[in-house]
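Enquirer: dropping the sequence and predicted coords here.
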Amino acid sequence: MAAAYRLGPRNLITDVTGLRVGNASDEALKSGVTVLTGEAPFVASVHVMGGAPGTRDTDLLAPDKTVAAVDALVLSGGSAFGLDACSGVTEGLCAAGRGLRIGAALIPLVPGAILFDLLNGGDKVWDVSPYPGLGRAALDAAGEDFALGTAGAGTGALAAMQKGGLGSASLRLADGTMVGALVAANPVGSVTTPGERHFWAAPFEIEAEFGGLGPDPSAGLCAAPASRKMAAMQGARTNTTIAIVATDAALTKAQCHRLSVAAHDGIGRAVVPAHTPNDGDLVFGISTGTGPAASDIQMLEIGHAAALCLSRGIGRAIFEATPAPGDLLPCYRSA
């Protein structure tokens, strides 16, 4: 890592000034919701590279669409049911007077993405979907500090060989620009090399943030992918890594899209294999716009930093996971 880069004070996406994150979890359900919001609406775009995404209102974020900014982003478990979490967040924002004003109407703009955690051993029988309430609770909990690992959208997440989770990381660039990532890691692929001790993301780790074991010294790590998760679920498509990368640099919507594209490298460096037909891998790219505008050359560095943060966030998500009754897979630190 370049010596000019350093950790943000929390090593969380909320090191980007003005952002807040909240989690809500249901331990019996083995699922949850994570909400990112801000002190003000923020510019956002998105890029999808997985073959099985689940989303709400992401078409609004294309650079050619007229929506200039959004009020919150939602990451949720629950597959298609989890998209209802956006409704709970929308209601909460409206009650707080937040949203796009069109005449007498107030419309909070809340895109979201989901991961599949319906077969992870939790109680998924309900008469009324729990996800709107979880979305509202996550919004109400939003602050600068939040839990990682088995929390929020990462509550029921599973990687190939161990429990997944919620992760985050940040970097301050030499010019003062802050970059951060937030991720719910539930991938088809493995976050650890064969043997399950060394993280694929280890070359990018800072200050032993996910154990400090360093890169795997082995070479020729080209075996077919192994997966305890696939065996436990008989090959079901129960996956996806969903993420948000953020900066305080003032970016256009098109630049936010380019940021989200670049950040996908962070998934590819931390999960093997990544972006499969059975994943819905998706990255939102956002700008709070509190810093100066970014040139194309500066965008190169911001995108690079976002990918680094996302790789590190995935490592932290799995490292911070904690055991719970009925787990199908072990946690990294208890395996």
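Expert: Done, it's in. Numbers count the residues shown, from 1 in each chain.
Enquirer: now the helix or strand that Ala24 is a member of: average pLDDT?
Expert: Using DSSP states H and E, Ala24 maps to strand 19-26. Strand 19-26 shows a mean pLDDT of 98.
Enquirer: for the helix or strand following that strand, name the packing helices and strands.
Expert: Following strand 19-26 in sequence order, the next helix or strand is strand 31-48 (DSSP H and E). Secondary-structure packing of strand 31-48 (3 or more Cβ pairs under 8 Å, 6 or more residues apart in numbering; DSSP states H and E): strand 19-26, strand 70-76, helix 85-95, helix 131-140, strand 178-186, strand 240-247, helix 253-270, strand 282-287. For glycine as for every other residue, the C-beta is placed from the backbone atoms N, C-alpha and C.
Enquirer: can you list the buried residues in the longest one?
Expert: Buried residues in helix 253-270, counted by 16 or more other Cβ atoms under 10 Å: 253, 255-270.
Enquirer: tell me how far that helix lies from the chain's centre.
Expert: Remark: helix 253-270 is offset 12 Å from the chain centroid, using Cα atoms, centre = their mean, to the nearest Å.
Enquirer: returning to what we had before: other SSEs contacting the strand holding Ala24?
Expert: If contacts are counted by 3+ Cβ pairs under 8 Å, 6+ apart, strand 19-26 sits against strand 31-48, helix 131-140.
Enquirer: among these, which is nearest Asp15?
Expert: Distance to Asp15, taken as Cβ to Cβ, is lowest for strand 31-48 among those, at 12.9 Å.
Enquirer: paired strands for that closest one, with orientation please.
Expert: If you go by DSSP bridges, strand 31-48 pairs up with strand 19-26 (antiparallel), strand 70-76 (antiparallel), strand 282-287 (antiparallel).
Enquirer: what inclination does the first one have with respect to helix 85-95?
Expert: For strand 19-26 and helix 85-95, the angle between their directions (axes from the mean of the first three to the mean of the last three Cα atoms, to 10 degrees) works out to 130 degrees.
Enquirer: what does strand 19-26 rub up against?
Expert: The contact list for strand 19-26 (Cβ atoms under 8 Å, 6 or more residues apart in numbering) reads 12-14, 31-39, 42, 122, 130, 133-135, 137-144, 146-147, 150-153, 155, 166, 168, 180, 182, 246, 288.
Enquirer: low pLDDT regions in the stretch 201-335 of the chain?
Expert: 235-236, 335 (pLDDT under 70).
Enquirer: for the stretch 201-335 of the chain, what spans make up the helices?
Expert: 228-232, 253-270, 296-319 (DSSP state H, counting those that start in this stretch).
Enquirer: output the ones you listed as CSV; include the columns distance to Trp200.
Expert: Listed next are these as CSV, based on distance: least, Cβ to Cβ, whole Å:
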stretch, distance to Trp200
helix 228-232, 16
helix 253-270, 5
helix 296-319, 8
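Enquirer: out of these, nearest to Thr55?
Expert: Nearest of the helices of the stretch 201-335 of the chain (Cβ to Cβ): helix 253-270, 12.9 Å.
Enquirer: okay, the closest one in CSV with CA atoms only?
Expert: What follows is helix 253-270, C-alpha atoms only, in CSV (Å, rounded to 0.1, in the frame of the first residue of the first chain):
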residue,chain,number,x,y,z
LYS,A,253,-23.4,10.7,-11.6
ALA,A,254,-21.3,9.3,-14.5
GLN,A,255,-18.2,9.4,-12.3
CYS,A,256,-20.2,7.6,-9.5
HIS,A,257,-20.9,4.9,-12.1
ARG,A,258,-17.3,4.6,-13.0
LEU,A,259,-16.5,4.4,-9.3
SER,A,260,-18.8,1.5,-8.9
VAL,A,261,-17.3,-0.3,-11.9
ALA,A,262,-13.8,0.1,-10.6
ALA,A,263,-14.8,-1.1,-7.1
HIS,A,264,-15.9,-4.5,-8.4
ASP,A,265,-12.2,-5.3,-8.7
GLY,A,266,-12.3,-5.4,-4.9
ILE,A,267,-14.8,-8.3,-5.0
GLY,A,268,-12.7,-10.1,-7.6
ARG,A,269,-9.5,-9.8,-5.4
ALA,A,270,-11.2,-10.9,-2.2
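Enquirer: tell me the angle of it relative to strand 240-247?
Expert: Using the same axes, to 10 degrees: helix 253-270 against strand 240-247 is 130 degrees.
Enquirer: and helix 253-270 with strand 178-186, angle?
Expert: Per the same axes, to 10 degrees, the angle that helix 253-270 makes with strand 178-186 is 50 degrees.
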